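Colleague: Sharing a model that was predicted from the sequence below.
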Amino acid sequence: MAVRDDEWSEVHDNLIYEWPELVLGEASARRRVEWMVAQLKRERETDRKLVELGMKLAEQVEENARLYEESRAAVRMRDEFLSVASHELKTPLTPLRLKLQGLRREVETGEAEVVPRERVVRAVQGAEQQLRKLTVLVDALLDVSRLTQGRLALTWEDLDLTEVVREVAERFAQQAAKAGCALEVEAERPVVGRWDRLRLEQVVTNLLSNALKYGAGRPVHVTVEAEPERAVLVVHDEGIGIEPEHLERIFGKFERAVSGRHYDGGLGLGLYITRQIVQALGGDIEVRSEPGRGATFRVVLPRQREVDAG
């Protein structure tokens, strides 16, 4: 009795199982060998599929573990940021409240009908200073929100990078003097390009603020260079420097590459925002540094937008 064709497609747990018709029937020895080989192939294919499934499950387990660790790190970063943000936002509010409370007490309890003009001016100046700090912090948070959602609007206009750098440097004159850092600007020739003034000022401001913060009381050098199609801004300090493993990380959100003893406030967003703005302007930013030998930030910007050039 011959073996039916549909019986050849059946799979049996026993690899050496043979249909009775193969043994007792008229099937040839070749037919029996083919049957056994088919059984072995089926079993081998099953083993292969099981191995592949096991490998996929192992990869999935590894991927799940990675995602879990990333989630934990993200939650930890969020909690740390909220803690820092809460502290930093309170920092300017506390002296602001104290100054206003002191001024109110003097008005309410003072014997004189009029508070001395000098006293009012000092209180108002102090309040304005703290409000400026608070505004910077809030603006940084808003910028991160806009960048995350891809809503960073740019207003393009023809600008002179040299002029922008010198204007921003003048605003930092008092802060530089307080930090004991000589602020040296080498920008003699106009370097005109098409950029967003507000965002360009923000880039220069963040880099100068960073250089003065970590410059360790040493000179800060700012250079503006012109190339045929590009503008180059270089900000170099001679301060504490950055460890090699931190050179890329400092451009991340809420990241710093210094210990607490070198840190004097901020949300850790300045360099992250700076890179995002530079890239939005079509440029690039890089940093070179060695511990104890300062840091050099180099910004390269196209002088004309690609859409304008086309």
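Modeller: The structure has been received and is ready for your questions.
Colleague: What about the closest residue to Glu188 other than its chain neighbours, how many residues nearby?
Modeller: Residue nearest to Glu188 in three dimensions, not counting chain neighbours: Thr162, with 7.4 Å by Cβ to Cβ, 6 or more residues apart in numbering. Just so you know, the C-beta spots here come from the backbone N, C-alpha and C atoms, and that holds for glycine as well. Neighbour count of Thr162, defined by other Cβ atoms under 10 Å: 21.
Colleague: Show me which helix or strand of the protein is least confident by mean pLDDT.
Modeller: helix 306-309 (a mean of 54; mean pLDDT, DSSP states H and E).
Colleague: if we can go back for a sec, and the helix or strand harbouring the residue nearest to Glu188, what does it pack onto?
Modeller: According to DSSP states H and E, Thr162 maps onto helix 161-171. Where contact means 3 or more Cβ pairs under 8 Å, 6 or more residues apart in numbering; DSSP states H and E, helix 161-171 is packed against strand 183-186, strand 192-195, helix 197-214, strand 220-226, strand 230-237.
Colleague: In CSV, list these along with mean pLDDT.
Modeller: CSV is the format used below for these (pLDDT from 0 to 100):
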stretch, mean pLDDT
strand 183-186, 94
strand 192-195, 95
helix 197-214, 91
strand 220-226, 95
strand 230-237, 96
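Colleague: Leaving out sequence neighbours, find the closest residue to the residue most central in space within the chain.
Modeller: In the chain, the residue lying closest to the centroid (Cα atoms, centre = their mean) is Gly252, at 2.4 Å. Once flanking residues are discounted, Gly252 sits nearest to Tyr272: 6.1 Å by Cβ to Cβ, 6+ apart.
Colleague: ditto for Ala295
Modeller: Nearest non-adjacent residue to Ala295 (Cβ to Cβ, 6+ apart): Ser289, at 3.8 Å.
Colleague: Quick check, pLDDT for that neighbour.
Modeller: Note on Ser289: pLDDT of 90.
Colleague: Pull up the gap between it and His236, please.
Modeller: 10 Å (Cβ to Cβ, to the nearest Å).
Colleague: what's the answer for Arg30, then?
Modeller: Here the criterion is Cβ to Cβ. By it, Arg30 lies 84 Å from His236.
Colleague: More neighbours: which of the two?
Modeller: The neighbour comparison of Arg30 against His236 (other Cβ under 10 Å) goes to His236, with 21 against 8.
Colleague: List the contacts of that one.
Modeller: By Cβ atoms under 8 Å, 6 or more residues apart in numbering, His236 lies in contact with Ala211, Val220, His221, Val222, Thr223, Gly294, Ala295, Thr296, Phe297.
Colleague: is it possible to export the residues you listed to a markdown table including distance to Val37 and neighbour count?
Modeller: Below are the contacts of His236 laid out as a markdown table (distance: Cβ to Cβ, whole Å; neighbours: other Cβ atoms under 10 Å):
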| residue | distance to Val37 | neighbour count |
| --- | --- | --- |
| Ala211 | 76 | 28 |
| Val220 | 80 | 26 |
| His221 | 79 | 18 |
| Val222 | 79 | 23 |
| Thr223 | 78 | 16 |
| Gly294 | 74 | 23 |
| Ala295 | 70 | 25 |
| Thr296 | 71 | 18 |
| Phe297 | 70 | 23 |
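Colleague: just those residues now: which is nearest Arg303?
Modeller: Taking Cβ to Cβ as the measure, Arg303 lies nearest Thr223 of the contacts of His236, at 16.5 Å.
Colleague: Does that closest one touch Leu233 like I think?
Modeller: Yes. At 7.4 Å, Thr223 and Leu233 qualify as touching, with contact defined as Cβ atoms under 8 Å.
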